[in-house]
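Enquirer: pasting the sequence and the predicted coordinates here, then a few questions.
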Amino acid sequence: MILFEQMQLKTSVFILNWSLTLAMPQMTLLQAYSGKKFSTLHLHTFVCTCQVHVPDNCRTKLDAKSRKCTFIGYTPQSKAYRIYDP
């Protein structure tokens, strides 16, 4: 359970950095820090259901091409997602 609470906190901070503030209504904190404008199209709801693709070499002909998982956050290094596969 600690993992989910840590991921929830990290995701909250990540979203706050990508959000507009009252002090700077025209730009996000990340945009003010870096000087670049970023897209927010990759942002998703925390703990939502998602489908994860299973590569061809990890499945047989009759296996499903995706698995149902839960979205739990973002990676700080890239625009990749962290998911939980029960």
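Expert: Cool, the structure landed.

Enquirer: next helix or strand past the longest strand seen in the chain?
Expert: Scanning the chain for the strand with the most residues, using DSSP state E, yields strand 66-74. The C-terminal neighbour of strand 66-74 among helices and strands, as given by DSSP states H and E, is strand 81-84.

Enquirer: ok, back up a step: ok, and for the longest strand of the chain, which residues are buried?
Expert: 70-74 (16 or more other C-beta atoms under 10 Å). Just so you know, the C-beta spots here come from the backbone N, C-alpha and C atoms, and that holds for glycine as well.

Enquirer: identify the residues contacting the residue nearest the centre of the chain.
Expert: Closest residue to the average C-alpha location of the chain: Tyr74 at 3.3 Å, with C-alpha atoms, centre = their mean. With contact taken as C-beta atoms under 8 Å, 6 or more residues apart in numbering, Tyr74 is in contact with 10-11, 14, 80-82.

Enquirer: filter those to the buried ones?
Expert: Buried among those (16+ other C-beta under 10 Å): 10-11, 14.
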